[in-house]
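>>> can't give you the sequence, but here's the structure:
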């Protein structure tokens, strides 16, 4: 199968076949990262620009490592070092980058839809590395890859996503992806963190953590951002953690072989207790990070015409 | 100069006229209206009279837009008073009322006088300034209503910024009422709407854009209705966008309160679904709402709850719109598409011709106390001629407005203003029209 998409803007736009192709391609790349010499010449002569308008360590590093392991040249631009401070618009920045003929631009931006604006204007491929509270497709893909490896399948699983759904692009991308792949997705969080009409995305919604955990195969905890407290989305971290923190007690409600995921960075003791986060019989958090490199390698490969 | 318009259907809701008639304009006024003016005019003083044949056309009282943003002074790159007035006549509007949110704000006599002077120099449409309710539209201290009234304002509003302080709104409504000035309320509780970018619902959820709930509008509509009732004054609700607002206003009118309301063409034409492309030309405040809201807005127009169709003409420059959705300015450049979009309401049986024309001429004239909106003999010769069959395609590059920000660019339309006469003078004529 040939990969036809120009851009990866969101999981919403991907078909099941396309998701499977990406996951299979990523699996074939996993081994490269375990070699002594972690580099193949596949993307030699290709240029990847990481355009990050929002702070990121994990995702930017992961994209950079992915590109370098495939021998592409990478350039990192972050908002603090770019012309953003001089007041240049996103469109002008994009047109300037386009004129330098890169092959792929990876963008992260705090404004939802920014990658779509870029993709509509320039001829190069765009990968959305997270746009506002909209989508984070590479995170969802690496999550699906992790689940598939651990569980042997995605279809038929119950996946509980817990926390601030309203502000989470990870949640949205995973709801699209996991639903497409046949999983049953349930959400839980205080009502203030559940966006309006979210159930129309085909998920079950609970305000009680325990209801969502029952018989779950996968539990995905979301990071709670302290600054949201000012918006009265929750009264205090103390109260939140008393009712929504995943711990040794409430995890018993899930299936025995449940796996625990987190897109990071984790707030130990807020949404996840340290002993769960560090327990290898539950936690696959570092495995997710590992898969992230393979997924990004696969996307860079497929978007530059790999597999043709 | 005399002008005789002949061969057309004349609709004047005030006089209850809907018939094929001729109309004679003389010295800037309507001199005669009747069935057989052409014959007598030809025999008496042919040559001194300009006769315009308008077979198949519809003549209506000059359209009035009571909600326009002209950006002068201060933001001339978006619109000037002259370019806005040119857009008005091209869209069939003979009179426009301009909101005070310029820079500086029209919150004192000198700005009002400046607007009047610029409008007189442009000599296109009649321009009626609306004064700010509060100084700098900051919502803390009343402006000098009386002084601005003497300078020419016809209403008061802090449009763009709601008056969040209910006590200040009460004082504004009481003081304005005593001067015979209507207060136009931009209803938006900014605590509820804060940071919002589009209607709150399924689409805001999947797009990850912060929502503006319908109740942000409705809570303030309810408040202002209560103030009007308690103080026995009047209020005009601007740009109604939700089903809940229509319900509140309908109920207030039923109880006999002096409440009037307007909506804009985009609120009965478009829904929030259009935002899926993150296209900033659809970004407007209040935001595009749901299909159900659109249906109820049409009901409100049909049953008379909504008195007026206003453009909420909000021109912007390219730099204001060609940015990330979150940072883009709110607003649609509406003067040159409003009439054509509103004509759809006749096609889809929401309104009949006299009802539509009343909402775009007689009703805004009544609310703003303007001696306009009718073709009675002796009235100002403000006339709009509409070709109801003309098919055309919106091309923003042909707009007279400096604001090219229209989500309707490229849309096929039917019906258009082809001739606009202000004070007996032709201010706009479609080039293909034979004069």
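Everything's here; your move. Everything quoted here is computed from the prediction, not taken from an experiment.
>>> Tell me how many other residues surround the spatially closest residue to residue B:279 that is not a sequence neighbour.
Closest residue to residue B:279 apart from its sequence neighbours, by CB to CB, 6 or more residues apart in numbering or on different chains: residue B:407 at 7.0 Å. Where C-beta positions appear, they are placed from N, C-alpha and C, glycine not excepted. By other CB atoms under 10 Å in any protein chain shown, the residues close to residue B:407 number 22.
>>> can you check residue B:391 too?
10.
>>> show me the contacts for it.
B:412, B:413, B:414 (CB atoms under 8 Å, 6 or more residues apart in numbering or on different chains).
>>> Filter these down to the ones in strands?
B:412, B:413, B:414 (DSSP state E).
>>> and which of those residues is nearest to residue B:367?
Of all those, residue B:367 sits closest to residue B:413, with 27.3 Å by CB to CB.
>>> can you redo the contacts of residue B:391 as TSV with pLDDT?
Shown next, in TSV, are these (pLDDT from 0 to 100):
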residue	pLDDT
B:412	98
B:413	98
B:414	98
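>>> Nearest to residue A:212 among those residues?
residue B:412 (49.3 Å).
>>> my read: the closest one touches residue B:393, true?
Yes - look at residue B:412 against residue B:393 with CB atoms under 8 Å: they come within range, at 5.7 Å.
>>> near chain A, which residues of chain B?
B:200-202, B:204-211, B:213, B:277-278, B:319, B:322-327 (CB under 8 Å from any CB of the partner chain).
>>> Residue A:143: helix or strand, and which one exactly?
helix A:137-151 (DSSP states H and E).
>>> same deal with residue B:358?
Using DSSP H and E, residue B:358 falls in helix B:353-360.
>>> Would you mind pulling the contact partners of that helix?
Here helix B:353-360 makes contact (CB under 8 Å, 6+ apart) with B:11-14, B:16, B:18, B:58, B:60-61, B:63-65, B:301-302, B:306-309, B:339, B:342-343, B:345-346, B:351.
>>> Can you give me the buried ones in it?
B:353, B:354, B:355, B:356, B:357, B:358, B:359, B:360 (16 or more other CB atoms under 10 Å in any protein chain shown).
>>> Any figure for the gap between the last one and chain A?
Applying CB to the nearest CB, to the nearest Å, one obtains 35 Å for the distance of residue B:360 from chain A.
>>> swap in the third one?
The gap separating residue B:355 from chain A is 35 Å, by CB to the nearest CB.
>>> Can you check the pLDDT for the closest residue to chain A within the stretch 51-200 of chain B?
Closest approach between the stretch 51-200 of chain B and chain A, counting by CB to the nearest CB: residue B:200, at 5.4 Å. pLDDT recorded at residue B:200 is 98.
>>> Repeat that for residue A:78.
86.
>>> Then the one 10 residues further on?
pLDDT, the model's per-residue confidence, is 84 for residue A:88.
>>> From residue B:325, how far off is it?
According to CB to CB, to the nearest Å, residue A:88 and residue B:325 sit 18 Å apart.
>>> hmm, back to that, for the helix holding residue B:358, the averaged confidence score.
Here the average pLDDT along helix B:353-360 is 98.
>>> can you check stretch B:107-121 too?
Per-residue scores along stretch B:107-121 average to 98.
>>> for chain B, what helix or strand is lowest in average pLDDT?
helix B:37-45 (a mean of 71; mean pLDDT, DSSP states H and E).
>>> for the longest helix along chain B, the distance to its chain's centre please.
Secondary structure of chain B read by DSSP state H shows that its longest helix is helix B:214-231. Averaging C-alpha positions (CA atoms, centre = their mean, to the nearest Å) puts helix B:214-231 22 Å from its chain's average.
>>> for stretch A:165-180, same thing?
That offset, for stretch A:165-180, works out to 9 Å (CA atoms, centre = their mean).
>>> again, but for stretch A:151-158
Relative to where its chain is centred, stretch A:151-158 has its mean C-alpha point 19 Å off (CA atoms, centre = their mean).
>>> who touches it?
Counting by CB under 8 Å, 6+ apart, A:144, A:147-148, A:178, A:181-184, A:186, A:215-218, A:259 sit against stretch A:151-158.
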